[in-house]
Structure formats: C-alpha cells, structure tokens
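A.B. asks: Here you go, sequence then predicted model.
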Amino acid sequence: GAFLIGGALPTEVFLNSGKTGRDLQRGAAGRVRRWLDDRVRFGFNEFNADTYLGFTAAALTMLAELGPDVCAPEDADLPPLAAMVLDLLLYDVTLAGHRGTLGSARGRPTHRLDVPPTSCVLWLLGGRGRCREQAPSKG
C-alpha cells in the first residue's frame, strides 16, 4: 500500500508517520523488490493456498497496472516484475487445477466456504469451477 499510495501522493505529508508520500514509497520500494525477487527465486511460502491467492493476486495486479503511473524512475522495473510474478502464480494454479478444483499439494486452506477462492480463479482462467455459492439442492 505505501508504495502505490506514496507514489500517487508524493508531496502529501502522512500524519501517522510524518513522512511525505515519496519518502514512504522509497521506504517500501526495497521491501516490494525483495518480496518480488524472492517469489521469482523461491516461489510462494504457502503455494496454491486458497486463502491467500486472492490477496496476492489483487496486490500483484494493482502493482502491475497502477505502478507505471506512480513509480519513481528508479523503480520502473517493479510493475513488469509484478506482472511476471502474477503470471507465475496463475500458471501454477492453472497447472494444479482439474475440473475446477485445485488437485495438487498446496498450502493450508483456512477458509470455511463451500467454494474456495481458487475455484473462482480456475473458472476465470478456464471456464471450470464455480465463482459463487450455489443454493443447496432440495430433496
């Protein structure tokens, strides 16, 4: 959040930290770069985890899509790197998917939904799976 918000509001002073947006972005850039580099090198800590897939995909998408508009020149490589990591994430999920279900080893699921978040992603990627709760059948 600090990387994108800081870049979008570079001259604003944020009351909680007393720092400008540009300062917040500079501070976050190293953490973002290290996290992206680690994902490329080592993969995801909780790979194919139903619970975290949506959060991770959303963050990567925001960085890939909004980053070019707010990045400092020295961080211009981060949005394309985020797009590559997102591609890897979706590739892994697609490979592990079978008929709309994640059928491989994976990180711990912590949701209590009838339709795991990965099922919706598999539906979006390949048309298999479900993207919402279905009403229970009668009888």
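C.D. replies: Ah, there it is. Numbering: from 1, shown residues only.
A.B. asks: Run through the residues that contact Arg33.
C.D. replies: Asp75, Leu78, Leu81 (CB atoms under 8 Å, 6 or more residues apart in numbering). The C-beta positions use only the backbone N, C-alpha and C, and glycine is treated the same way.
A.B. asks: what helix or strand does the last one sit in?
C.D. replies: Looking back up the chat, that one is Leu81. helix 78-96 (DSSP states H and E).
A.B. asks: out of the contacts of Arg33, which are buried?
C.D. replies: Asp75, Leu78, Leu81 (16 or more other CB atoms under 10 Å).
A.B. asks: got the buried residues for the helix holding Leu81?
C.D. replies: Quick answer for helix 78-96 (16+ other CB under 10 Å): Leu78, Pro79, Leu81, Ala82, Ala83, Val85, Leu86, Leu89, Leu90, Asp92, Val93, Ala96.
A.B. asks: residues near the residue lying closest to the second one once chain neighbours are set aside, how many?
C.D. replies: Going back to what we said before, that points to Pro79. In space, Pro79 comes closest to Gly67 once its chain neighbours are excluded; the distance is 3.3 Å by CB to CB, 6 or more residues apart in numbering. For Gly67, the count of nearby residues is 22 (other CB atoms under 10 Å).
A.B. asks: Pairing partners for the helix or strand of the chain at the bottom of the mean pLDDT ranking, with directions?
C.D. replies: Between all helices and strands in the chain, the lowest mean by mean pLDDT, DSSP states H and E belongs to strand 101-102, at a mean of 72. With DSSP bridges as the test, strand 101-102 is paired with strand 97-98 (antiparallel).
A.B. asks: Understood, closing this out.
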